[in-house]
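Novice: Just the structure for this:
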Amino acid sequence: MPKGYIVARIVVTDPAQYAEYVKDASEAIRKYGGKPLVRGGTVEQLEGEARPRNVVIEFETLEQAKRYYHSPEYQAAKQKREGAGRADIVAVEGA
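Specialist: Just a heads-up that it's a prediction; the model follows:
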């Protein structure tokens, strides 16, 4: 069965507030069986619009990735992110 991934491209505008989001989101990732593959790191724009922070989280299935995103735990964390930056987040099925 193909894995599921959450892919986020983020611009952080309030690092202190964003850190509170990361703390709670990290707990939700663990609870729902996610494995962070990329969290931040150096970015080199090759095409299109780059974002300074990029995150890739692997889950056993796409359904599990969506369960994580829609979970009460992650939605509570997400509220802490509001006003701390801009994010584009997708759920993707892959190898």
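Novice: Now for the spatially closest residue to D88 that is not a sequence neighbour: which residues touch it?
Specialist: Leaving out its chain neighbours, the residue that sits closest to D88 by CB to CB, 6 or more residues apart in numbering is R9, at 4.8 Å. (C-beta placed from N, C-alpha, C; glycine too.) The contact partners of R9, by CB atoms under 8 Å, 6 or more residues apart in numbering, come to 51, 53-54, 87-89.
Novice: how about those residues in JSON lines, adding distance to K3?
Specialist: Output for these, formatted as JSON lines (distance: CB to CB, whole Å):
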{"residue": "R51", "distance to K3": "23"}
{"residue": "R53", "distance to K3": "22"}
{"residue": "N54", "distance to K3": "18"}
{"residue": "A87", "distance to K3": "21"}
{"residue": "D88", "distance to K3": "20"}
{"residue": "I89", "distance to K3": "17"}
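Novice: I'd like to know how many residues surround A16.
Specialist: The tally of other residues near A16 (other CB atoms under 10 Å) stands at 7.
Novice: The helix or strand where the residue nearest to D88 lies pairs with which strands, parallel or anti?
Specialist: Per DSSP states H and E, R9 falls inside strand 3-12. Applying DSSP bridges, strand 3-12 is found paired with strand 53-59 (antiparallel), strand 85-94 (antiparallel).
Novice: and those strands, which is most packed in?
Specialist: strand 53-59 (a mean of 19; mean count of other CB atoms under 10 Å).
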